[in-house]
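**Student:** build me a model from this:
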Amino acid sequence: MKFFCKIEDGKILGTNEFSKHLSGLSAGDYSIEIKRWRKPTSRSQHNSVYKFCDLLAGEFNNEGLEMQDVIRVPLMFTKYSVRERIWIPVQKSLYGTEHISDLLSEQIDPIYDTINKAISEITNGVVRVPQFPNKKKVRY
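**Tutor:** Predicted coordinates:
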């Protein structure tokens, strides 16, 4: 069971639910783990990853490139193939996770930067890697 709280001035805030749960426990040995909560990716960031994959697929296709030209598999680019063959392998390499929803907010930019650098080097700058979509401007 997880409970989230905030600590301010050395005091735990928002513990009503936690306190109620503790008072309902029978006598016994228990373990309580305290760790810093890290913000997971937002729905907007999740959608932005998909939008980026879609935009990058369009750039590859505009240049007449096929998947095997970049990653040696004879397929046309789609947002799904970019996600599965480019985004997820980089994500897994950097963070050991395979699902975009497992990422933390601060992990998105390093993945994008790695992809941007690699695509620019592989294609000698021929493929324009799109800017990562801004959550305020993206239509999904």
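**Student:** return the residues in contact with residue 104.
**Tutor:** Going by C-beta atoms under 8 Å, 6 or more residues apart in numbering, residue 104 touches 38, 39, 40, 41. From N, CA and C alone the C-beta is placed, and that goes for glycine too.
**Student:** among the residues you listed, which ones are buried?
**Tutor:** Buried members of those, scored by 16 or more other C-beta atoms under 10 Å, are residue 41.
**Student:** JSON lines please, covering the contacts of residue 104 and showing distance to residue 98, pLDDT and secondary structure.
**Tutor:** As requested, those are exported to JSON lines (distance: C-beta to C-beta, whole Å; pLDDT from 0 to 100; DSSP: H, G, I helix; E, B strand; the rest coil):
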{"residue": "38", "distance to residue 98": "18", "pLDDT": "79", "secondary structure": "coil"}
{"residue": "39", "distance to residue 98": "20", "pLDDT": "81", "secondary structure": "coil"}
{"residue": "40", "distance to residue 98": "15", "pLDDT": "84", "secondary structure": "strand"}
{"residue": "41", "distance to residue 98": "14", "pLDDT": "87", "secondary structure": "coil"}
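**Student:** which one of the contacts of residue 104 sits closest to residue 80?
**Tutor:** Taking C-beta to C-beta as the measure, residue 80 lies nearest residue 41 of these, at 18.4 Å.
**Student:** may I have the phi/psi pair for that closest one?
**Tutor:** Dihedral pair for residue 41: phi -60, psi 150, per degrees, to the nearest 10.
**Student:** per-residue pLDDT, the closest residue in space to it that isn't next to it in sequence?
**Tutor:** Once flanking residues are discounted, residue 41 sits nearest to residue 103: 4.7 Å by C-beta to C-beta, 6 or more residues apart in numbering. Here, the pLDDT recorded for residue 103 equals 93.
**Student:** what's the neighbour count on residue 103?
**Tutor:** Neighbourhood size, residue 103 [other C-beta atoms under 10 Å]: 19.
**Student:** residue 87 now?
**Tutor:** Residues lying near residue 87 (other C-beta under 10 Å) number 21.
**Student:** in the longest helix anywhere in the chain, what counts as buried?
**Tutor:** For the chain, the helix that runs over the most residues, judged by DSSP state H, is helix 43-62. By neighbour count on 16+ other C-beta under 10 Å, the buried set for helix 43-62 is 45-57, 59-60.
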